[in-house]
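S.K.: The sequence isn't on hand, but the structure is:
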């Protein structure tokens, strides 16, 4: 009964496992392990199990483990990452302790849960948070405006906070069109590398910025993005008719010059300054950020009539949108 109660609180209270999830359980052939896999399978989850000897592999498989790894012979963290296509698992249930702890952390998804409920191989060593838990590298992106005006002081606080917990930080504003994308969008790219990792690969605060790729002098225009695309003729006809029957086209778009030298805004051509979200770009230059917005009954439907999301010019063609 005690083993069943332990399984219950692990599966339903500690980390509520859901159907479709793949999780990892150590000591899969043990008393709790045998019950755990059967119970998890009944929920619809898949369980990867580890055992301490080859003789225990069959026991674990008979109780419902989809993959069984002998952690004394194989690198189970590497195996788990291979099984999950390098995604890792959302939860690890570890009753072994000292011998499996660091490997368990290595195969967790970002924000995954490490559940240590036993120490069959000995108690855990003290946890070195910067070395064992903190991410080795953090990459983030945000708007270019974060480096300008009042926002710049807030951004400085962010970088200082990372430096205080042991990271080297660098950032740079990159223009998409200089990196093989047919778009003129600029974004701030932030990279933080843990100090011990930076030292191991020969980087310091003066050389860290060298990890950014060199920009290409060649830019990708809109017309090059459209080469060899396959279009649904019926969909093109539908979208064209829908757009050309809107006020956006009749009052504004139809009078905007084709292939302008710079990006044009509809507000400059509408008699009352409306339609400022309408853009006209040259096929011979990178596009600005394109956004589908509004309701399905207006111009947004000419871009996409189902999903109210933003599209870059690389994703637009994949949606067969013109």
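M.R.: Done, it's in. Since the model is a prediction, treat every value here as computed from it, not as a measurement.
S.K.: Report how many residues lie close to residue 240.
M.R.: Using other Cβ atoms under 10 Å, residue 240 is surrounded by 13 other residues. The C-beta positions use only the backbone N, C-alpha and C, and glycine is treated the same way.
S.K.: Which residues outside the host helix or strand of residue 36 are in contact with it?
M.R.: Taking DSSP states H and E as the definition, one finds residue 36 inside helix 31-43. For helix 31-43, the external contacting residues (Cβ atoms under 8 Å, 6 or more residues apart in numbering) are 3-4, 6-8, 10-11, 17-19, 23, 25-28, 46-47, 49, 59-60, 63-65, 93, 95.
S.K.: Strands of the stretch 101-250 of the chain, start to end?
M.R.: 108-116, 137-143, 167-175, 186-194 (DSSP state E, counting those that start in this stretch).
S.K.: would you say residue 253 is within a helix?
M.R.: Yes - under DSSP: H, G, I helix; E, B strand; the rest coil, residue 253 falls within a helix.
S.K.: Can you give me every residue that contacts the nearest residue to it once chain neighbours are set aside?
M.R.: Once flanking residues are discounted, residue 253 sits nearest to residue 278: 5.9 Å by Cβ to Cβ, 6 or more residues apart in numbering. By Cβ under 8 Å, 6+ apart, the contact list for residue 278 reads 248, 252, 253, 256, 265, 266, 299.
S.K.: now do 10 Å
M.R.: 246, 248-249, 251-253, 256, 264-270, 299 (Cβ atoms under 10 Å, 6 or more residues apart in numbering).
S.K.: And residue 49, by the same measure?
M.R.: Counting by Cβ under 10 Å, 6+ apart, residue 49 has contacts 23-30, 33-34, 36-37, 56-57, 59-61, 63-69, 71, 76, 93.
S.K.: before we move on, back to that, please, a ChimeraX command that selects the buried ones among the contacts of residue 278?
M.R.: Command for ChimeraX that selects the buried part of the contacts of residue 278, burial taken from 16 or more other Cβ atoms under 10 Å:
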select :246,248,249,251,252,253,256,264,265,266,269,270,299
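S.K.: List the ones among the contacts of residue 278 that fall in helices.
M.R.: Assigned to helices by DSSP state H, none of the contacts of residue 278 qualify.
S.K.: So which of the contacts of residue 278 is the closest to residue 185?
M.R.: Of all these, residue 185 sits closest to residue 265, with 16.1 Å by Cβ to Cβ.
S.K.: Show me the beta-bridge partners of the closest one.
M.R.: Beta-bridge partners for residue 265, by DSSP bridges, are residue 279.
S.K.: Could you verify my assumption that it touches residue 253?
M.R.: No - with contact defined as Cβ atoms under 10 Å, residue 265 and residue 253 do not form a contacting pair (11.4 Å).
S.K.: Overlap in contacts, the two.
M.R.: Joint contacts of residue 265 and residue 253 (Cβ under 10 Å, 6+ apart) are 275, 278, 279, 280.
S.K.: so what's residue 154 closest to, chain neighbours aside?
M.R.: Using Cβ to Cβ, 6+ apart, the closest residue to residue 154 is residue 146 (7.6 Å).
S.K.: any idea how far residue 277 is from that neighbour?
M.R.: Distance check for residue 146 against residue 277: by Cβ to Cβ, to the nearest Å, it reads 23 Å.
S.K.: Over to residue 158?
M.R.: Residue 158 is 31 Å from residue 277, by Cβ to Cβ.
S.K.: next one: residue 201
M.R.: Computed with Cβ to Cβ, the distance linking residue 201 and residue 277 is 45 Å.
S.K.: for this protein, which helix is longest?
M.R.: Criterion DSSP H: the longest helix present in the chain is helix 150-164.
S.K.: and it, how far from the chain's centre?
M.R.: Distance of helix 150-164 from its chain centroid, counting by Cα atoms, centre = their mean, to the nearest Å, is 23 Å.
S.K.: packing partners for it?
M.R.: If you count contacts as 3 or more Cβ pairs under 10 Å, 6 or more residues apart in numbering; DSSP states H and E, helix 150-164 packs onto strand 137-143, strand 167-175, strand 186-194.
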